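# Sequence and computational prediction follow.
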Amino acid sequence: MRAVIARVPRLATECVAIDRAAGRVLAADVIAARALPGFDNSAMDGYAARSADLPATVPVAGVIAAGQLDVPALAPGTALRIFTGAPMPAGADTVVIQEDAARDGDRVRLPASPPGDNLRVIGEDIATGETALAAGTRLTAWDVGLLAALGITELVVSRAPRVALIATGDELVDVATPPRPGQLVDSSVHALAALVAEAGGTADRLGIARDDLASLADRLDASLGYDAVITTGGVSVGDRDHVRAALTAAGISLELYKVAMKPGKPFSFGMRGGASPAPVFGLPGNPVSTVVAFELFLRPALLAMQRARAVRDGEQLIATPHPKQGSAMLSSLVGCNALIVVGAEVTELAPGAPAPAILMEAV
């Protein structure tokens, strides 16, 4: 896999609108031009107060709602009713949640509450000038949400690879053709098109090449100009497996031919030279072998062409808690791909302890 990744070319960049950015790979760091949150605000419904005044029974001097622009200052010895997301008033340094308060008319009994309690401080999610997303990030839905919150409408991403798909075999028929005895529907190429899309590319099916050199050469000529070429079938050692010979005749130098694994042993990889250089992947014809080879070689290669950072390392799934936790913190979703399930009775998880998880994406 490393040998393949080292050889595939890296694609050029382009600018896309944020609404078309999901699944694309960032080509440059995104630096926050504004802080998140942009102002100190309440994390809970309750009462804004001065910690130095508490505990006490104080008059309720007013109400601050979410989205309110004209925010009164807090006078000493008073409290202001405040709602989640509402801006904190000048003079207040704590919020007592409404469940801990005892309201009696226009007065409220508030217990002691430390400074900063139930507050969201300006920039605690993302600070101005901080790298919000790094180059090489493959953008998820929550990454797009973060970009929107930062006011970013366009960004620079790697171009999506265009991939040509060529199936080979006299026994294959198109999905729209009812197979006769001895014929097989070309299902693998449709699965590959979907897998390429999952990896951030676009795939064109160039038809079925028959088991002769002329037919294969014609399909390979049609693949000129694509960023990558994938063939299926014909890479074993059968008398009618002509892909290797056709690739050589087309000026494609094979750098890998067969790998020590099963399924997927008859995998090949080479580079097309000349005016239209591109990696060429030869996949086995059997569907399980095709998918295994794609996951081990092609998906990493297509992501590398888009300059994506590696996301898979080792044989285990290791959970690393995000340093920032909070229901309003968009940054806690960046790079997040799982939710750890913690039972109500659990008060602590020791490092290295196994825990059930809900995967939010394929890892």
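Here it is on my side, so go on. Numbers count the residues shown, from 1 in each chain.
# Quick check: Ala249 touching Leu213?
Yes - Ala249 is within contact range of Leu213, at 6.9 Å (criterion: Cβ atoms under 8 Å). The C-beta positions use only the backbone N, C-alpha and C, and glycine is treated the same way.
# Can you read off the pLDDT for the residue nearest the centre of the chain?
When Cα atoms, centre = their mean is applied to the chain, the residue found nearest the centroid is Thr140 (3.7 Å). The model reports Thr140 with a pLDDT of 91.
# next one: the one 4 residues further on
Looking at Val144, its pLDDT stands at 95.
# Can you give me the domain boundaries for the protein?
2-36+125-158, 41-120, 162-305 (automatic domain parsing).
# how long is the longest one end to end?
With Cα to Cα, to the nearest Å as the measure, the ends of domain 162-305 fall 11 Å from one another.
# do the same with stretch 211-228
OK, stretch 211-228 end separation, Cα to Cα: 22 Å.
# quick one: the residue nearest to the centre of the chain from Glu99, how far?
From Thr140 across to Glu99, the span is 35 Å (Cβ to Cβ, to the nearest Å).
# same question, Ala353
For Ala353, the distance to Glu99 - Cβ to Cβ - is 32 Å.
# likewise Ala357?
31 Å.
# When the two are compared, which one has more neighbours?
Shown here are Ala357 and Glu99; by other Cβ atoms under 10 Å, Ala357 has more neighbours (14 against 8).
# out of everything not next to it in sequence, what's closest to Ala61?
Thr78 (4.2 Å; Cβ to Cβ, 6 or more residues apart in numbering).
# err, Ser187, not the other one
Per Cβ to Cβ, 6+ apart, closest to Ser187 is Pro287, 6.3 Å.
# Go ahead and confirm Phe39 touches Pro87.
Yes - counting by Cβ under 8 Å, Phe39 touches Pro87, with 5.2 Å between them.
# okay, these two: which has more neighbours?
Pro87 (20 against 13).
# For beta bridges, what are the partners of that one?
In this structure, Pro87 bridges to Asn41 when assessed by DSSP bridges.
# residue contacts, it?
Contacts were defined as Cβ atoms under 8 Å, 6 or more residues apart in numbering; by that measure Pro87 touches Phe39, Asp40, Asn41, Ile64, Gln68, Val71.
# The residue nearest to Ser187: how many residues sit nearby?
By other Cβ under 10 Å, neighbour count at Pro287 equals 15.
# ok, it - contacts?
Ser187, Ser188, Ala191.
# which of these lies closest to Ser51?
Checking the contacts of Pro287 against Ser51 with Cβ to Cβ, the nearest one is Ala191 at 61.0 Å.
# For that closest one, list the residues it contacts.
Pro287, Thr290, Val291.
# quick one: the helices in the stretch 51-200 of the chain?
141-149, 188-198 (DSSP state H, counting those that start in this stretch).
# In a markdown table: the ones you listed, plus distance to Ala35.
Output for these, formatted as a markdown table (distance: least, Cβ to Cβ, whole Å):
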| stretch | distance to Ala35 |
| --- | --- |
| helix 141-149 | 10 |
| helix 188-198 | 35 |
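# and of those helices, who's closest to Asp204?
Using Cβ to Cβ as the measure, helix 188-198 is the one of those that comes nearest Asp204, at 8.3 Å.
# Averaged pLDDT, the closest one. What do you get?
Summarised as a single mean, pLDDT over helix 188-198 is 92.
# go on, stretch 289-305?
89.
# Stretch 233-242 too?
59.
# From here on, call the first residue 235.
Let's use 235 as the start, then, which means that last one is stretch 467-476.
# now, among the contacts of Ala425, which is nearest to Thr291?
Distances from Thr291 to the contacts of Ala425, taken as Cβ to Cβ, are shortest for Val525 (68.5 Å).
# do you know how far the closest residue to the closest one other than its chain neighbours is from Ile574?
Spatially, and ignoring its direct neighbours in sequence, Val525 is nearest to Ala425 (6.7 Å; Cβ to Cβ, 6+ apart). For Ala425, the distance to Ile574 equals 32 Å [Cβ to Cβ].
# One more: Ala324?
Distance from Ala324 to Ile574, by Cβ to Cβ: 39 Å.
# tell me the contacts of the nearest residue to Gly416 once chain neighbours are set aside?
With sequence-adjacent residues excluded and distances taken as Cβ to Cβ, 6+ apart, Gly416 is closest to Glu405, at 6.5 Å. Contacts for Glu405 (Cβ under 8 Å, 6+ apart) come out as Gly416, Gln417, Leu418.
# re earlier: of the contacts of Pro321, which qualify as buried by neighbour count?
Neighbour counting with 16 or more other Cβ atoms under 10 Å marks Asp274, Asn275, Ile298, Val305 as buried within the contacts of Pro321.
# Pick the one among the residues you listed closest to Val580.
Of the buried ones among the contacts of Pro321, the one sitting nearest to Val580 (Cβ to Cβ) turns out to be Asn275, at 30.3 Å.
# Please look at that closest one and Gly319 and confirm they touch.
Yes - with contacts counted by Cβ under 8 Å, Asn275 reaches Gly319, the gap being 5.5 Å.
# re the thing from before, let's have the contacts of Pro321 in TSV, adding pLDDT and distance to Val477.
Shown next, in TSV, are the contacts of Pro321 (pLDDT from 0 to 100; distance: Cβ to Cβ, whole Å):
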residue	pLDDT	distance to Val477
Phe273	97	62
Asp274	98	65
Asn275	97	62
Ile298	98	70
Gln302	96	68
Val305	97	71
